[in-house]
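have a look at this prediction, sequence included:
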Amino acid sequence: MATAASRLHAQRTALLEYVGRQVRDATLSEDIVQEAYLRLLSFEAKPDKVVNNAPALLRRISLNLVRDHFRRAIRTPVVELSDTLPCTMPTADQQIERRQLIRLVADVLGKMPRLRREVFIRRRIHGQSAREVVEAMELSPSAVSHHMARAMVDLHMAIQKIEKRGGPVRE
């Protein structure tokens, strides 16, 4: 008489064909069948559980695993890796250059007079309009314009100085 293990092994080929028709991927079929056997053996290992029809249970477990696979695939689509798709993340060099540029801008801003720095930060960082800055800081429109122009000149000169040294700022 055949042992339980040999009977399960005999069903493996038929189960692989059944799952293969469902998923149309040999590797995935193997994974699902292996998981089905594992679940069956885990179920049988419980002392109060008796399996009367192991092939039918294996088929049901496999079908449930196939359904779970397709549910997950719908929720999280798989994107195949490709050598032609560029990575959207900046390279290490670009990240270093950006950090250095941020430090440079922070240093230049730190050296600016308080009023010029505040006008620049309100306009460029917080996105306030010239009118909003005029009203908030109680300055004239020409003063806001003058402070912005001076701040831009300060930043431009600092960037030029770095470029002459061969620093990180390039276009």
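Thanks, I have it. If you're wondering where the values come from, they're calculated on a predicted model, not measured in any experiment. Numbering: from 1, shown residues only.

and the contacts of the helix or strand bottoming out on mean pLDDT in the chain?
When each helix and strand of the chain is scored by mean pLDDT, DSSP states H and E, helix 4-23 comes last, with a mean of 82. For helix 4-23, the surrounding residues in contact (C-beta atoms under 8 Å, 6 or more residues apart in numbering) are 2, 26, 29-30, 32-33, 36-37, 40, 54-55, 58-59, 62-63, 66, 69. Where C-beta positions appear, they are placed from N, C-alpha and C, glycine not excepted.

for ChimeraX, what selects the buried ones among these?
Here is the ChimeraX command that selects the buried residues among the contacts of helix 4-23 (16 or more other C-beta atoms under 10 Å):
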select :29,32,33,36,37,40,54,58,59,62,66,69
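
so which bits of the least confident helix or strand of the chain are buried?
Applying 16+ other C-beta under 10 Å to helix 4-23 flags 8, 11, 15-16, 18-20, 22-23 as buried.

now, which of those sits nearest A45?
Nearest to A45 among those is L8, at 13.8 Å by C-beta to C-beta.

and Q34, helix, strand or coil?
helix (DSSP: H, G, I helix; E, B strand; the rest coil).

what confidence value was assigned to it?
Each residue has a pLDDT score; the one for Q34 is 93.

measure it to R59 for me?
Going from Q34 to R59 by C-beta to C-beta, to the nearest Å gives 15 Å.

please apply the same query to I32.
11 Å.

now N53
Applying C-beta to C-beta to N53 and R59 gives a distance of 9 Å.

what does the domain assignment say about this protein?
4-75, 92-164 (automatic domain parsing).

name the helix or strand for the residue positioned nearest the centre of the chain, please.
Nearest residue to the geometric centre of the chain (C-alpha atoms, centre = their mean): M89, 9.9 Å. For M89, there is no host helix or strand (DSSP states H and E).

could I get the phi/psi values of it?
phi -80, psi 140 (degrees, to the nearest 10).

and it, what pLDDT?
85.

how about the helices in the chain?
Ranges of helices in the chain, per DSSP state H, are 4-23, 26-44, 54-75, 92-111, 114-120, 130-137, 141-164.

please identify the most buried of those.
Ranked by mean neighbour count, these are led by helix 114-120 with a mean of 17 (mean count of other C-beta atoms under 10 Å).

packing partners of that one?
The elements that helix 114-120 packs onto, with contact taken as 3 or more C-beta pairs under 8 Å, 6 or more residues apart in numbering; DSSP states H and E, are helix 92-111, helix 130-137, helix 141-164.

all set now, cheers.
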